[in-house]
Every structure is written in C-alpha cells, then in structure tokens.
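Chemist: the following comprises the amino acid sequence and a computationally predicted model.
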Amino acid sequence: MDKMFQKSDAAPESDYVLRELIGIAEKSEVRISLCVNTTDARVTGELMSSQAWLAELKKALVEPGHVAADQWAVPRFKPGGTLNGDNYFLHLRNAQIIDEFGARGEREAPFWRGRVSEIWGWQLVTL
C-alpha cells in the first residue's frame, strides 16, 4: 500500500467538525453536498440524515424486482448511527466513487454509508 494512504496510529478517531456537520444533517431535512476521502476512495454525494437515507433505501428495495414490502414491516436497522450523541456513520445519497485520476461516474453508489473514523479528509462541494 502507498505510504501516503496508510493510517497513522497517532491519528484521531474522527473529525469533530465532520461529526458536527453530520449532526446538522441528522437534526434537519437539509442535504449537504460533500466529498470525503477514505483510505481506498474519494466519494462525493449528498450528506443526509440516517432516517431519510434508510427511508429512501427501503423505498428503493421494495420496488418491483427487489425485497417484498412486508419483509420491511419489522425495523432491521438502528436509526441514526449514533451512540451517546456522537455520530459514527455518515450517509450519502447519489454518491459517486472517484478514482485516483479524478474520473467519476463509472462507479455510482445510490446509497453509501461510511464510518466517520475512516474518513481522512472532506470538503464541501457543488455536485
């Protein structure tokens, strides 16, 4: 693995500013255009609340050809991705995975969920 992308043991678990931004999305209906850098990829998309993300995921999965609607009658996910007020996951909608050369679009992810502690950097973007 390229030394530039190796995780440092001295690195903080997660970015508190990013967690605050996620908190804003969790408490409102706002969607925030965001690009995050992980060890393996750069991902752009619309940051949104976990509740709205799960609702849209459920809707997509119960469309014809996917899971039957009655299988979703019992909640299977814990909403929020939070523990004691901390935001440990972020939820992106209409995400695109960007390769090391900056090419986008070949790897689309309508629903993307990532662990905040695995985000190396981020920036607000215009999609």
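Modeler: Looks like it came in fine. Everything quoted here is computed from the prediction, not taken from an experiment. Numbering: from 1, shown residues only.
Chemist: what about residue 107, how many residues nearby?
Modeler: Residues lying near residue 107 (other C-beta atoms under 10 Å) number 13. Every C-beta, even on glycine, is put in place using the N, C-alpha and C of the backbone.
Chemist: was I right to think it contacts residue 43?
Modeler: No. Contact criterion C-beta atoms under 8 Å: residue 107 and residue 43 do not qualify, at 9.3 Å.
Chemist: show me the strands in the chain, by range?
Modeler: Using DSSP state E, the strands found in the chain span residues 32-37, 42-48, 82-83, 86-87, 89-98, 107-115, 121-124.
Chemist: lowest-confidence stretch among those strands?
Modeler: With a mean of 44, strand 82-83 has the lowest mean pLDDT of those.
Chemist: one step back: would you format the strands of the chain as TSV with distance to residue 16 included?
Modeler: Formatted as TSV, these follow (distance: least, C-beta to C-beta, whole Å):
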stretch	distance to residue 16
strand 32-37	15
strand 42-48	16
strand 82-83	14
strand 86-87	9
strand 89-98	13
strand 107-115	15
strand 121-124	12
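Chemist: so for residue 18, which of those strands sits nearest?
Modeler: For these, proximity to residue 18 was assessed by C-beta to C-beta; strand 121-124 is nearest, at 5.7 Å.
Chemist: and that closest one, what does it pack onto?
Modeler: With contacts taken as 3 or more C-beta pairs under 8 Å, 6 or more residues apart in numbering; DSSP states H and E, strand 121-124 sits against strand 32-37.
Chemist: which residues are contacting the strand it packs on?
Modeler: For strand 32-37, contacts defined as C-beta atoms under 8 Å, 6 or more residues apart in numbering pick out 21, 24-25, 42-48, 90, 92, 98, 114, 119-127.
Chemist: quick one: closest of the strands of the chain to residue 62.
Modeler: strand 107-115 (13.8 Å).
Chemist: partners of the closest one, with directions?
Modeler: When sheet partners are counted by DSSP bridges, strand 107-115 sits next to strand 89-98 (antiparallel).
Chemist: picking that back up, for residue 59, find the nearest of the strands of the chain.
Modeler: Across those, closest to residue 59 is strand 107-115 (C-beta to C-beta), at 10.8 Å.
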